[in-house]
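Visitor: I would like the atomic coordinates for the input below:
(one chain, ligands or ions: 1)
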Amino acid sequence: MSRAPLIDTHAHLTDTRFVGDIDSVLERAQQAGLVSALIVGTSAATSRSVLELCSLHAWLFPAVGLHPCHLLDEPIELAWPAIEQMARLPEVRALGETGLDNYWKEVPLPLQKESLIRHLDLARELDKPVVLHCREAADDLLPLLEDRALRLGPVRGVLHSFAGTAEEARRGLAAGLHLSFSGMITYPKNEALRAVAATVPADRLLIETDAPYLSPQAWRSKRNEPAYVAATCEALARCRGQSLAEVAQQTTANALALFRMGPQPDPDLPK
Ligand SMILES: [Zn+2]
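Guide: From the prediction side, this is the model:
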């Protein structure tokens, strides 16, 4: 495993699959060189758990939001005020994950869009980045983001676990977003995705696990965990013709800057 500094910018560590051994998962992550990780909520309840987990570990930072596939779990009128309240906390570094999903087809698209716009508006108000999920929804998501970028200026945030085309990458970058690559980039058949990753400007690149999902090739079909982000970094370095250390340094610097993962503001100091 690499000792270059790494940041996993997308992990669902409050998932039930981590209940028994979260401490050893975190220990392995730090041994693999992780200096920070963004822990991502998908509902009001999981966002609360994310806050709780991050309060115990100074190197973990929370993102709170409603995942587009979980919008029928709880009425948005009930869930949203809770998200809004949590999002205003200084320790919360991003809004999400939000976005659009046309794969599962359970949640009506208009409701997904309503939720997405709430997240985008609040993120802009709070000057925090958004974490965007996009599954078979680029044709709905990109025009919406481009329209906002045109009217309001660049959208600060990330297209997480990016798996789109070169044209979709270009449009996301033009709207102001970072692109985050997951274990999908290690899969042998994903030659086209590696070709896209090779062309992304260095200052817009991020890496992530999306743990417990999307394990890199070596752990495929097993539970994913933050330590494995090193394998994704290695695959990204190889397809860009760069060293692992270079890509680790760059993606770490990008994550620190985008999510402002520095020490938390001291609540006792006057604002
Ligand atoms: Zn996710």
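Visitor: ok now whichever strand or helix holds residue 120, how far from the chain's centre?
Guide: Counting by DSSP states H and E, the element that carries residue 120 is helix 109-126. Relative to its parent chain, helix 109-126 has a centroid offset of 16 Å by C-alpha atoms, centre = their mean, to the nearest Å.
Visitor: same deal with stretch 92-105?
Guide: Taking the mean of its C-alpha atoms, stretch 92-105 sits 9 Å from the chain's own mean (C-alpha atoms, centre = their mean).
Visitor: before we move on, the earlier item: just after the helix holding residue 120, pick out the following helix or strand.
Guide: The first helix or strand that comes after helix 109-126 along the chain, using DSSP H and E, is strand 130-135.
Visitor: if we can go back for a sec, list the buried ones in the helix holding residue 120?
Guide: 112, 115-116, 118-120, 122-124 (16 or more other C-beta atoms under 10 Å). In this view, the C-beta of every residue, glycine as well, is placed from N, C-alpha and C.
Visitor: by contact count, what packs against it?
Guide: Counting contacts by 3 or more C-beta pairs under 8 Å, 6 or more residues apart in numbering; DSSP states H and E, helix 109-126 is packed against helix 76-87, strand 94-101, strand 130-135, helix 138-152.
Visitor: can you tell me which of those is packed in deepest?
Guide: Greatest average neighbour count among the helices and strands packed on helix 109-126 goes to strand 94-101 (a mean of 27), per mean count of other C-beta atoms under 10 Å.
Visitor: for this protein, what spans make up the strands?
Guide: All strands of the chain, identified by DSSP state E, fall at 6-11, 34-40, 60-64, 94-101, 130-135, 157-159, 178-181, 205-207.
Visitor: just so I know, which of these lies nearest residue 76?
Guide: Closest to residue 76 of the strands of the chain, according to C-beta to C-beta: strand 94-101, at 11.5 Å.
Visitor: keeping just the C-alphas, turn that closest one into PDB.
Guide: Once non-C-alpha atoms are left out, strand 94-101 reads as follows in PDB (Å, rounded to 0.1, in the frame of the first residue of the first chain):
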ATOM      1  CA  ALA A  94     -20.500  19.600   1.800                       C
ATOM      2  CA  LEU A  95     -24.200  19.100   0.800                       C
ATOM      3  CA  GLY A  96     -25.000  15.700  -0.600                       C
ATOM      4  CA  GLU A  97     -25.200  13.300  -1.800                       C
ATOM      5  CA  THR A  98     -27.900  14.700  -4.100                       C
ATOM      6  CA  GLY A  99     -28.300  14.400  -7.800                       C
ATOM      7  CA  LEU A 100     -30.400  12.500 -10.400                       C
ATOM      8  CA  ASP A 101     -30.900   8.800 -11.000                       C
END
